[in-house]
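Asks: pasting the sequence and the predicted model now:
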Amino acid sequence: MTQPMLEVRDLKMHFPIGGSMLDRLRISGGLRFENPVVHAVNGVSFAIQPGEVMALVGESGCGKSTVAKTIARIYEPTAGEIRIEGQDIATLGFTDLLPIRAKMQMIFQDPYASLNPRQKVRDIVAEPLLEQVKGAERREVPARIAALLAKVGLNAEHAGRYPHQFSGGQRQRIGIARALSVTPGLIIADEPVSALDVSIQAQILNLMMDLRDEFGLAYLFISHDLSVVQHIADRVGVMYLGFMVENAPRDVLFSRPRHPYTRALLSAAPSIKAHRDREEITLTGEVPSALTLPSGCCFRTRCPFAWDRCTAERPKLQDVGEGQTVACHLTDEPERDKP
Amino acid sequence: MTALLKVENLRTWFHTFSGVVKAVNGVSFEIGAGEVMGLVGESGGGKSVVGFSILGLIDSPGQIEGGQILLNGEDLVTAGEPRLRQIRGKEISMVFQDPMTSLNPLHTVGRQMDEVLRLHTKLTAPERLSACVEMLESVGISRAAERLTAYPHQFSGGMRQRVVIAIALLAKPRLIIADEPTTALDVTIQSQILKLMRRQIAEKGASMILITHDLAVVSEMADHITVLYCGKVVETGATRDIIETPSHPYTRGLIDSIPDPEHRAARLRQIPGTVPDIRNLPKGCNFRDRCPRAQAICAVEEPALAPRHASLSSACHFPLQPGELA
């Protein structure tokens, strides 16, 4: 087996909150409380092969964007390993990360906020590349920028313009060109099409798939839109409250979802089809707070199947064949699979 | 059947420094009692402005330049502010997109609900209270009496949208305008809210205008769909006809842009280009620059809305026949 492009092992990302003025007053008054911690990511493991598209899906607050930002080392992980082509980057410092940035780039959700409004397009796209190349090679940068802009469907004349002169779809193309400038092997795309209109969304998805075919890119694709994920992904990981609850090849996941949350998510997604033969699992209630995780299974508070074992014991991801792994006690006790 | 609401050649323009934005430019449609109509289109299509125009919520530099909005035969365009205040919340109510900003953070949920009844009914205070409790319970909020004293920040997004829907339904309006009611919500919450709205509308016999960019949502909710592009109606008809055999190339393009798991092609069919600048629309058909069927006449003459197959009407010189691809 080839070495994975990205391998994440038991990644944890906790954010301490507090340190507010009130907390300081309490401390100076001799009162000490344990600082509350947001458990954004609680031990997530997965791997992406070169050229593979892995999607992370889940609802807001499930930690999918935090996983993306932690892998990109925008955050410093609380625990766990992040291996890029075998090298663990979880604890690397700023300068040591620089060569890693040439292997891994990020595309952001909001094409309005992710480009510097005071920079011209050519400077935006060149910036990551200028960090990587030195000396004489720098003279080749302008030609390379022009080639990149053409590749993402922009003209050479666009290079001298500012971001506000572009539409949302065009800005997302600029963001993609910037990510491609260092010819990375992995692109982390955090909801890259959610802010775009549906007709523009199709243009950007097509562009991303063309670039994958041309450069052999691997994508970590974060999205809440299941129809987009079903179109673009090779493998899908479903997250809930900072846990990976199911991870499977796309066709397996969409035809045979095993985890009750995945099943609910698939049945809740609206569709333009007149009839659908999916089972309906309607969830009641809402996602619990990430400040105090429920004991046992993270999903038990909303799960229609939950029983006492789910409160006592946290389920681990188990292999159920065909590359599908599920974290649910129903795997051991399938006879309970009726509401 | 007489229409509950009839919008006739509505034109709402915004006079900005950089030119006149004809956000809504000659839109007509009607809704019968108990009907759900979906108003669909991309951003800049003018769908929200239609909703705001009906309620008279257009502020300067915007202005309704012409047309009629007839609610049971009464023209809302010329009705004047005092009459509109009687209508808002009582006859027509609105559910906004963002449940985080459409409630007043300084007042309790109970007070905001009570306001509707205080303004529009002659109920006594205890009667109003019990009506509020009953309505909160019917939108699926437990311990309703207790929750009335809570402030909006004490509710989650999905719960807040339930409160907004409860407020919209309180005075038993005949028409609800829902502007992207579930766009800000997660998919499992979205399906809860959509089910709730469908049930409430059926029970109360109200009509609804559902404004959304999400064709999947609209196809599950609406009886009729009207598609807007650059402030004009490009196609209208029964939901299944629009989704299955659209006659306008733009509608076809919108539907094809949604990834279809059953016909999984390597590439999505995309609409090329972007929406033109609405201050500077091309002559002829607004969609011609992005249309695969455009010919010389499309640059000269603007197509008029005309009946097509099944229940459809569309504004196109070269409409699609059933089974024909764009």
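Replies: Here it is on my side, so go on.
Asks: what residue in chain B comes nearest to chain A?
Replies: residue B:259 (3.4 Å; CB to the nearest CB). All C-beta spots, glycine's among them, are computed from the backbone N, C-alpha and C.
Asks: now that residue: closest residue in space, sequence neighbours ignored.
Replies: Excluding its sequence neighbours, the residue lying closest to residue B:259 (CB to CB, 6 or more residues apart in numbering or on different chains) is residue A:231, at 3.4 Å.
Asks: counting contacts, what elements does the strand or helix carrying that neighbour pack onto?
Replies: Here residue A:231 is covered by helix A:226-232, with elements defined by DSSP states H and E. Other elements packing on helix A:226-232 under the criterion 3 or more CB pairs under 8 Å, 6 or more residues apart in numbering or on different chains; DSSP states H and E are strand A:53-57, helix A:198-215, strand A:218-222, helix A:250-255.
Asks: can you tell which of the ones you listed is closest to residue B:156?
Replies: strand A:53-57 (20.3 Å; CB to CB).
Asks: tell me the helices and strands packed up against that closest one.
Replies: helix A:64-71, strand A:218-222, helix A:226-232, strand A:235-240.
Asks: quick check: angle from the last one to strand A:53-57?
Replies: Read that as strand A:235-240. 20 degrees (axes from the mean of the first three to the mean of the last three CA atoms, to 10 degrees).
Asks: so how far is strand A:235-240 off the chain centroid?
Replies: 10 Å (CA atoms, centre = their mean, to the nearest Å).
Asks: the first one now?
Replies: Using CA atoms, centre = their mean, we find the averaged C-alpha position of helix A:64-71 to lie 6 Å away from the chain's own average C-alpha position.
Asks: which SSE is immediately downstream of that helix?
Replies: Downstream of helix A:64-71, the first helix or strand assigned by DSSP H and E is strand A:79-84.
Asks: show residues contacting whichever helix or strand comes after that following strand.
Replies: Proceeding C-terminally, strand A:79-84 gives way to strand A:87-88 as the next helix or strand, assigned by DSSP H and E. Here strand A:87-88 makes contact (CB atoms under 8 Å, 6 or more residues apart in numbering or on different chains) with A:81, A:82, A:100.
Asks: tell me which of those is nearest to chain B?
Replies: residue A:82 (27.3 Å).
Asks: next one: that closest one, what pLDDT does it get?
Replies: If you check residue A:82, the pLDDT there is 96.
Asks: which residues touch the closest residue in space to it that isn't next to it in sequence?
Replies: Distances taken as CB to CB, 6+ apart place residue A:90 nearest to residue A:82, at 4.7 Å, with adjacent residues excluded. Neighbouring residues of residue A:90 by CB under 8 Å, 6+ apart: A:11, A:77, A:80, A:81, A:82.
Asks: out of the residues you listed, which end up buried?
Replies: By neighbour count, with 16 or more other CB atoms under 10 Å in any protein chain shown, the contacts of residue A:90 hold A:11, A:77, A:80, A:82 as buried.
Asks: I'd guessed the second one sits against residue A:14; true?
Replies: Which is residue A:77. No. Counting by CB atoms under 8 Å, residue A:77 does not reach residue A:14; the two are 9.3 Å apart.
Asks: so who does the residue of chain B closest to chain A touch?
Replies: Contacts of residue B:259 (CB under 8 Å, 6+ apart): A:205, A:227, A:228, A:230, A:231, A:232, B:268.
Asks: in JSON lines, list those residues along with neighbour count.
Replies: Formatted as JSON lines, the contacts of residue B:259 follow (neighbours: other CB atoms under 10 Å in any protein chain shown):
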{"residue": "A:205", "neighbour count": "22"}
{"residue": "A:227", "neighbour count": "17"}
{"residue": "A:228", "neighbour count": "23"}
{"residue": "A:230", "neighbour count": "21"}
{"residue": "A:231", "neighbour count": "22"}
{"residue": "A:232", "neighbour count": "24"}
{"residue": "B:268", "neighbour count": "23"}
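Asks: by pLDDT, give me the weakest of those.
Replies: residue B:268 (83).
Asks: quick one, helices of the stretch 201-326 of chain B?
Replies: B:215-221, B:239-244, B:249-256 (DSSP state H, counting those that start in this stretch).
Asks: give me the outermost residue of chain B relative to its centroid.
Replies: residue B:126 (34.7 Å; CA atoms, centre = their mean).
Asks: element containing that residue, please.
Replies: helix B:125-138.
Asks: for chain B, give me its nearest residue in the stretch 101-250 of chain A.
Replies: residue A:231 (3.4 Å).
Asks: residues touching that residue, list them.
Replies: A:205, B:259, B:261, B:264, B:268.
Asks: wasn't residue A:154 part of a helix?
Replies: No. Residue A:154 is assigned coil when assessed by DSSP: H, G, I helix; E, B strand; the rest coil, not a helix.
Asks: can you pull the contacts of it?
Replies: Here residue A:154 is in contact with A:121, A:170, A:173, A:174, A:177 (CB under 8 Å, 6+ apart).
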